[in-house]
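> sequence first, predicted model second:
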Amino acid sequence: MTAYAFWNNKGGVGKSFLSFVAATEYARTYPDTDVYVVDLCPQANVSEILLLNSDISSNSDEELFDYDVINSNYDVINKLIEKKPRCTVAGYLEARLNSPFQPIKDVSPYVCRPWEFNAKLPKNLLLVCGDYLLEILSEAIRQTSQLAIPVDAWKQVLSWIKDLTMVLRQQSGDRDTLFILDCNPSFAIYTQLALAAAENLVVPFTPDDSSRRAMLNVVALLYGNGIGDSKIETYARISFAKRAKEEGLDIPKLHTFVNNRITLYRSKASRAFEAVIESIKETVDALHKKHRQVYATPKELPSKRFIEVPDYHSACVVMTVKGIPLDNLRAGPNKIRGKQVQLNPEPLERYREALTKFVSYL
């Protein structure tokens with residue numbers, strides 16, 4: 001079993017989109033592996049993409065608008081929410097709140113198969129759907145983790161999503177498993193649950209200085225101990241990093257950095273972007289020299305595990321609005337909101353190559 005959390009302490013860097021690409025491409029490439037997506041974001045963005053109603057999204061009528069597809073997504077998610085128990089990650093967490101220190105043996109009520117709604121997806125891809133209720137449950141989860149009895153209440157509660165992955169692994173039997181955990185940019189309790197369930201951390205970022213600072217936040221929040229921004233570490237050590245170390249809670253290793261949405265000029269990053277990218281690489285390499293233990297491949301410079309994904313907004317929109325996996329994406333005209341969007345072969349192939357390389361790292 002391998003579990004990857006997709007997280008950065010900054011929003012809008014493409015975590016959900018890359019989770020979608022990673023899950024669908026890995027499931028297609030390895031049909032004998034069960035690929036589970038666990039959506040730990042209250043906005044449920046990756047769930048919306050996966051649960052697209054293919055009958056509506058594939059309609060070629062010019063009068064089909066984005067909101068028709070979006071409403072279709074919400075209808076599917078609402079049906080999952082209305083089930084008893086809720087067929088979502090919040091449904092699972094509600095059950096854990098009712099019996100905090102007793103693992104759930106049968107988690108099948110909380111898992112759905114996206115291909116039943118979106119026929120374009122592999123059948124070995126499964127989803128624990130996101131749910132807005134996560135935000136409401138977060139305070140109850142936090143309070144439960146602070147109980148005095150049992151003495152390891154915090155560690156047990158922080159392991160709830162890891163418990164879920166272990167049971168799902170058992171349910172897959174002899175089949176290999178891969179877990180993709182899409183995280184909210186916050187460091188809320190539900191984000192911590194996701195991170196505590198992961199072995200590896202994928203950090204998407206965009207080439208700007210705020211991403212560099214956010215990556216320092218990631219390191220300080222997760223590992224503390226003099227790593228990253230000292231002002232942040234003061235609080236990180238008492239709220240998470242120090243306690244995780246003291247109580248033996250496993251924390252994911254930094255695995256891959258995805259430099260997302262790069263503007264290219266003659267097949268290379270523009271000079272402005274290149275300068276920022278080099279600064280970010282220098283930052284993570286400097287951390288590596290002092291703290292190799294937090295990296296998944298400690299003998300390799302982290303800058304060697306940077307994946308550069310060119311900015312191709314049209315392709316991203318077509319994939320997410322129509323629920324089309326990368327392998328199914330074709331050059332040519334596509335209708336979005338009654339307007340024709342052209343995907344040209346050359347930039348599409350560059351985009352496909354970059355994302356395929358990213359998935360090969362998993």
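Structure received.

> for the rest of this, base every contact and every neighbour count on C-alpha atoms.
OK.

> what average pLDDT does the strand or helix carrying residue 49 get?
Assignment of secondary structure by DSSP states H and E places residue 49 within helix 45-50. Averaging pLDDT along helix 45-50 gives 94.

> what sits up against that helix?
By Cα atoms under 8 Å, 6 or more residues apart in numbering, the residues outside helix 45-50 that reach it are 16-17, 19-20, 39, 70, 73-74, 77, 114, 118, 121, 127, 129-130, 182, 320-323.

> could you redo the last one with a cut-off of 6 Å?
When contacts are defined by Cα atoms under 6 Å, 6 or more residues apart in numbering, helix 45-50 is touched by residues 16, 73, 114, 129, 320, 323.

> what are the phi and psi values for the third one?
In this case it means residue 114. Dihedral pair for residue 114: phi -60, psi -30, per degrees, to the nearest 10.

> my guess is it contacts residue 37. True?
No: the criterion here is Cα atoms under 6 Å, and residue 114 misses it with residue 37 at 10.1 Å.

> neighbour count for the two, which is higher?
Counting neighbours by other Cα atoms under 10 Å for residue 114 and for residue 37 shows that residue 37 has the greater number, 28 against 25.

> mind exporting the helix or strand in which the more buried one is found as CSV, just the C-alpha atoms?
Under the criterion DSSP H and E, the helix or strand holding residue 37 is strand 33-40. Written as CSV, here are the backbone C-alpha positions of strand 33-40 (Å, rounded to 0.1, in the frame of the first residue of the first chain):
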residue,chain,number,x,y,z
THR,A,33,-4.3,-2.0,-8.8
ASP,A,34,-7.2,-0.5,-6.8
VAL,A,35,-6.7,3.3,-6.8
TYR,A,36,-8.6,5.0,-4.0
VAL,A,37,-9.2,8.8,-4.0
VAL,A,38,-10.0,10.1,-0.5
ASP,A,39,-11.2,13.7,-0.8
LEU,A,40,-10.4,15.6,2.4
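
> any idea how far that strand is from the chain center?
Here strand 33-40 is found 10 Å from its chain centre; the criterion is Cα atoms, centre = their mean, to the nearest Å.

> tell me which strands it pairs with, and in which orientation.
Looking at strand 33-40 with DSSP bridges, its partner strands are strand 125-128 (parallel), strand 176-183 (parallel).

> which outside residues touch the longest one?
Think strand 176-183. Applying Cα under 6 Å, 6+ apart, the set of residues contacting strand 176-183 from outside is 1-7, 33-41, 191.

> are any of those buried, and if so which?
Of the members of the contacts of strand 176-183, the ones counted as buried by neighbours, 16 or more other Cα atoms under 10 Å, are 2-7, 33-41, 191.

> just give me the neighbour total for residue 210.
When neighbours are counted by other Cα under 10 Å, residue 210 registers 12.

> quick check: the gap between it and residue 219.
Relative to residue 219, residue 210 is positioned 14 Å away (Cα to Cα, to the nearest Å).

> with residue 354 instead?
When distances are taken as Cα to Cα, residue 354 and residue 219 turn out to be 25 Å apart.

> likewise residue 190?
From residue 190 to residue 219 the distance is 18 Å (Cα to Cα).

> and residue 129, by the same measure?
28 Å.

> same deal with residue 25?
Taking Cα to Cα as the criterion, residue 25 is separated from residue 219 by 28 Å.

> can you give me the neighbour number for residue 305?
Taking other Cα under 10 Å as the criterion, the count of residues near residue 305 is 16.

> surely residue 334 forms part of a helix?
No: secondary structure assignment places residue 334 outside any helix; it is strand (DSSP: H, G, I helix; E, B strand; the rest coil).

> give me the nearest residue to it, chain neighbours excluded.
Distances taken as Cα to Cα, 6 or more residues apart in numbering place residue 341 nearest to residue 334, at 5.0 Å, with adjacent residues excluded.

> the one you found in helix, strand or coil?
Look at residue 341: counting by three-state DSSP, its state is strand.

> list the contacts of it.
For residue 341, the contacting residues are 333-335, taking Cα under 6 Å, 6+ apart as the criterion.

> looking at residue 25 and residue 219, which is more packed in?
When residue 25 and residue 219 are compared for neighbours, residue 219 comes out ahead with 25 against 22, by other Cα under 10 Å.

> the more buried one is in what secondary structure piece?
With elements taken from DSSP H and E, the one containing residue 219 is helix 209-223.

> tell me which residues of that helix are tucked away?
With burial defined by 16+ other Cα under 10 Å, the residues of helix 209-223 counted as buried are 211-223.

> do stretch 162-173 as well
Neighbour counts over stretch 162-173 (16+ other Cα under 10 Å) mark 162-165, 167-169 as buried.

> got it, and stretch 243-257?
The neighbour-count check on stretch 243-257 (16+ other Cα under 10 Å) flags 244, 249, 251-257 as buried.

> of the contacts of residue 341, keep whichever come out buried.
The neighbour-count test (16+ other Cα under 10 Å) marks 334-335 as buried among the contacts of residue 341.
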